[in-house]
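Trainee: sequence? don't have it. structure:
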């Protein structure tokens, strides 16, 4: 393959596929092929992009965003954890190995990590998502994932095995008692009566006619006190 083939033979590729985890190397292989063919900076070959600049700094662009008043600069850790080493981060000091999700010290713009990371609230939760150069709309699977995330409430389990149910949910349930059902692959929490004995007494009046309800209440209170004493502070 000779450089003289440059004007007549070109391998074209759009950079968008490089956003995939392995896509960078696919794009690099095409650019390497063009370099071997001598296609760079030839008319009809591969040339450097001369499009607008996102910050508006190119001559002729109407808005220089980088010079706007009140502009905000990025800060903190990216939700996709790119450009940082996990073992050098404060989250490593807190969580140790293994990390909850992958970190990408040598990559950037790993688009497929955005929605799953927000779904896992890792390294932090998000209340809003503004897309730029990417949209989940064409992907039915991703759109369903986002809808499912919005229906769920994520919470952290403390070292004592406790969780905090949001006030809005507690008020809607109208109870301070729940039933926990371990179904193997998931845990289901359902509202329950604060006084299950009274509920049973009303629903099963005939069956409980000969039962000492006061004794049942005392036994239930004893069980609650025993459970409280076993809790880890």
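Mentor: Received, thanks. Nothing here was measured: the structure is a model prediction, and the numbers come from that model. Residues are numbered from 1 along each chain as shown.

Trainee: quick check: chain neighbours aside, which residue is closest to residue 117?
Mentor: Computed as Cβ to Cβ, 6 or more residues apart in numbering, the closest residue to residue 117 that is not its neighbour in sequence is residue 79, at 5.0 Å. Backbone N, C-alpha and C define where each C-beta goes, glycine included.

Trainee: ok, now residue 180?
Mentor: If the residues on either side of it in the chain are set aside, residue 180 comes closest to residue 189, at 5.6 Å by Cβ to Cβ, 6+ apart.

Trainee: doesn't residue 100 make contact with residue 122?
Mentor: Yes - the pair residue 122 and residue 100 passes the contact test of Cβ atoms under 8 Å, sitting 4.8 Å apart.

Trainee: between the two, which one's more packed in?
Mentor: Shown here are residue 122 and residue 100; by other Cβ atoms under 10 Å, residue 122 has more neighbours (18 against 14).

Trainee: which ones are touching the more buried one?
Mentor: Contacts for residue 122 (Cβ atoms under 8 Å, 6 or more residues apart in numbering) come out as 100-101.

Trainee: pLDDT score for it?
Mentor: At residue 122, the pLDDT value in this model is 89.

Trainee: quick one: which helix or strand includes it?
Mentor: Taking DSSP states H and E as the definition, residue 122 sits outside all helices and strands.

Trainee: which segments of this protein make up each domain?
Mentor: Split into domains by automatic domain parsing, the chain comes to 3-52, 86-151, 167-230.

Trainee: can you count the residues close to residue 58?
Mentor: When neighbours are defined as other Cβ under 10 Å, residue 58 has 12 of them.

Trainee: and it, what does it touch?
Mentor: residue 52.

Trainee: quick one: it is in a helix?
Mentor: No - residue state for residue 58 (DSSP: H, G, I helix; E, B strand; the rest coil) corresponds to coil; a helix is not indicated.

Trainee: any idea how far it lies from residue 170?
Mentor: The gap separating residue 58 from residue 170 is 54 Å, by Cβ to Cβ, to the nearest Å.

Trainee: check residue 222 too.
Mentor: Residue 222 sits at a distance of 26 Å from residue 170 (criterion: Cβ to Cβ).

Trainee: neighbour count winner among these two?
Mentor: Between residue 222 and residue 170, residue 170 has the larger neighbour count (other Cβ under 10 Å), namely 14 against 10.

Trainee: wait, doesn't that one sit right on residue 178?
Mentor: No - the criterion here is Cβ under 8 Å, and residue 170 misses it with residue 178 at 9.2 Å.

Trainee: what are the ranges of the helices in the protein?
Mentor: With helices called from DSSP state H, the chain shows them at 23-37, 90-95, 114-119, 140-151, 167-173, 196-203, 213-230.

Trainee: in terms of secondary structure, what does the second one contact?
Mentor: So the one you mean is helix 90-95. On a contact count with 3 or more Cβ pairs under 8 Å, 6 or more residues apart in numbering; DSSP states H and E, helix 90-95 meets no helix or strand.

Trainee: any buried residues in that helix, and which?
Mentor: Buried positions in helix 90-95, judged by neighbour count with 16 or more other Cβ atoms under 10 Å: residue 91.

Trainee: oh, and call the first residue 164 from now on, that's how I've got it
Mentor: With the count now opening at 164, the last piece we talked about shows up as helix 253-258.

Trainee: who's in contact with it?
Mentor: With Cβ under 8 Å, 6+ apart as the test, helix 253-258 has contacts from 240, 249, 262, 286.
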